[in-house]
Structure formats: structure tokens, C-alpha cells
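S.K.: quick one: sequence plus predicted model below, questions after.
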Amino acid sequence: MAKLIDGKAVSQKIKEEVRDEIESKGLDVGLAVVIVGNDPASRVYVNNKKKACEFCGIKSYEYALPEETKEKELRDLIRTLNNDPNINGILVQLPLPKHIREYKIIKTISPKKDVDAFHAENVGRIVIGNYAFLPCTPAGVMELIHSTGTDVDGKECVVIGRSNIVGKPMAMLLLHENATVTICHSHTKDLAEVCRRADILVSAVGKADFVTADMVKEGAVVIDVGMNRNAENKLCGDVKFDEVEPKASYITPVPGGVGPMTIAMLMKNTLSAKYLQS
Ligand code: L34
């Protein structure tokens, strides 16, 4: 029987730390949250981010733009926010509508306000190990792994998925803690065999029921970054929870696992951004 990793509890503690620091120092911290279009999932995530800001004493400024917004209009807004001293962090919720080039938008965000750590300058800093921000989801996963008392040093870690947002930076953070890291993706030969080597398995695929029991080593720590809807429109991760859970030593639920951690780390990054700018 695996122990459940309680992402809600771990994230709550981090948010309390951020709140206490902002309150005790009397800091004025602001986060701009930009959402373009009407993706219902993005709407939920952005609302959760705003609630977390409220809890931490961070002022959130929402910019909800219509689906038809032009790339140039969005870039102009970001430039305005870059120059606004009340705004310490800028978050442009992804995905963006197809006619807007994501890289053009990320490039426009001032690296000092890039609380997602998606800008190439921040990505490069992370690779080198000289950074101000860590990307929220991978940083949240590291916190969850630490919460189990697992020492990452020397462990076999397998990351499924190679996105810029999760898979690649996830591998880097595990590497920083001296893990032996393998990144798997759609071209990986014998995926199950590679995954079975993992002491720590992180799945960031985006497909319900993707990770099955035959892919998991007895006693592995299993982290599920997936955020999917199954046939009954129920929120679920990548991991076939019922069959994997008995094999794992620790496992994250969805919801209540990685999702809340992404938001807690965003709060932490926004506070770091404030310090970086003062
Ligand atoms: N720019 N875009 C940018 N930054 C990010 O860090 C994100 N991400 C991902 C999508 N786009 C982004 C998020 O915020 C995923 N993500 C995210 C954030 C919060 C939650 C899930 C994904 C979350 O709150 N999850 C809850 C359940 C939410 C529900 O009920 O639907 C949970 O308990 O997992």
C-alpha cells in the first residue's frame, strides 16, 4: 500500500510561509495574470492562482483578453506590465490561441518578472545552476518528493514527457540533486522497461491511464503531473491509480497532488521577483 502524498497540505505550508513573510515585512507584491480566450480548464487554474494570491497577501491583476486578441496587442500589454512598478510578476496562462506564437510572447516578458521561468534567459540560468526562479510545476514536484523523505541523490529517475514546461526542466532539477535521469517520450523503445528502472517516476504525458502497473517498480515513488478528463469527464492524472498505488511506496493523487504545488511555487516565485526588483 502506497502512502498518499498530500499536495494540498504541502502547498498550504508553502503559501503560509509566503504569507507570513509578506505580512511581517509589510511588502507590497503584485502579480499580473493574463488569460487569453475561454479555455475552461485555464479559467479554473487562473482562478485558483488568484485565490492563492489573496491568501498570501499578493495583489493580483487579471487581464482577461478575448480569443481574437492579436499577438501584437498581447505583446504591447506585456511591455506595459514590464514597466509597471506595481507588477512584480507576469504570468501568461498557456495554452494561447493558435494564432499567437507562444515563444514571441514568452520572449517579451522581462526575465526579472518571468515567474514561470519560461524565458530563454531563465531556462539557460536553470541549466547552468544560477537562477532566481524555478519553473513552478517541476519545483513543486521536487517539494513533493522531499516531503516523502526520499533522498534523490544517486536515484534512478524517469521522466515521461519532454515538454519545455515540465519534462525538460523536471529532468534538470532532478539532475541538480544528483539523480541519474532518463527522459522518455513517444519515440522511446520499450517504455515500460525503462520506466520499471525508476526509483522515482514522474509522468507528464497528458493521457489518462497512460502509466500502468507493469511500468512501475515495486516501492517506487510515483508523481503524476497529468491533468486530464476521463470518459466520464472526471479529472484524472496519467497514472492508472488503482493498479499502480499498491506497488508504489508513495504516490500523488489527482486532484490534490501536483496542481496545488504549481500554484504555491508561483506564490514563492512572485515573492522572489519582488526581492529581485528591489
Ligand atoms: N503560464 N501556463 C503557465 N504557467 C503554468 O504554471 C501553467 N500551468 C499548467 C497549464 N498552463 C500554465 C498551470 O498553472 C497547468 N497548471 C495548473 C495549475 C493549477 C492546477 C492545475 C494545473 C490546479 O489547481 N489543479 C487542481 C484541480 C483543478 C480542477 O479542479 O480542475 C488540483 O488539485 O490538481
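M.R.: Yep, it's here.

S.K.: what residues does the protein put near the ligand?
M.R.: 44-45, 48, 91-94, 116, 136-137, 227, 235, 254-256, 259-260, 262-263 (C-beta under 6 Å from any ligand atom). C-beta coordinates here come from the backbone N, C-alpha and C atoms, glycine included.

S.K.: which helix or which strand is home to the residue in the chain that the ligand sits nearest to?
M.R.: Nearest to the ligand in the chain, going by C-beta to the nearest ligand atom, is residue 259, at a distance of 2.2 Å. Applying DSSP states H and E as the criterion places residue 259 in helix 258-277.

S.K.: quick one: mean pLDDT over that helix.
M.R.: The pLDDT scores in helix 258-277 average 98.

S.K.: over to stretch 32-48?
M.R.: Mean predicted lDDT for stretch 32-48 stands at 97.

S.K.: what does stretch 70-86 give?
M.R.: 98.

S.K.: likewise stretch 93-100?
M.R.: Per-residue scores along stretch 93-100 average to 98.

S.K.: what strand or helix carries the residue most central in space within the chain?
M.R.: The centroid of the chain falls nearest to residue 137 when counting by C-alpha atoms, centre = their mean (1.6 Å). Following DSSP H and E, the helix or strand that holds residue 137 is helix 136-147.

S.K.: what comes up buried for that helix?
M.R.: 136-145, 147 (16 or more other C-beta atoms under 10 Å).

S.K.: can you check stretch 63-76 too?
M.R.: Within stretch 63-76, the residues scored as buried using 16+ other C-beta under 10 Å are 63, 65, 69, 71, 74-75.

S.K.: re earlier: does the residue of the chain closest to the ligand touch residue 224 like I think?
M.R.: No - using C-beta atoms under 8 Å as the test, residue 259 is too far from residue 224 to be in contact (10.0 Å).

S.K.: who does the lowest-mean-pLDDT helix or strand in the chain pair up with?
M.R.: Within the chain, confidence by mean pLDDT, DSSP states H and E is lowest for strand 228-229 among all helices and strands, at a mean of 93. Strand 228-229 pairs in its sheet with strand 235-236 (antiparallel), by DSSP bridges.

S.K.: quick check: mean pLDDT across the strand it pairs with?
M.R.: 96.

S.K.: what residues sit buried inside the helix holding residue 259?
M.R.: 258-274.
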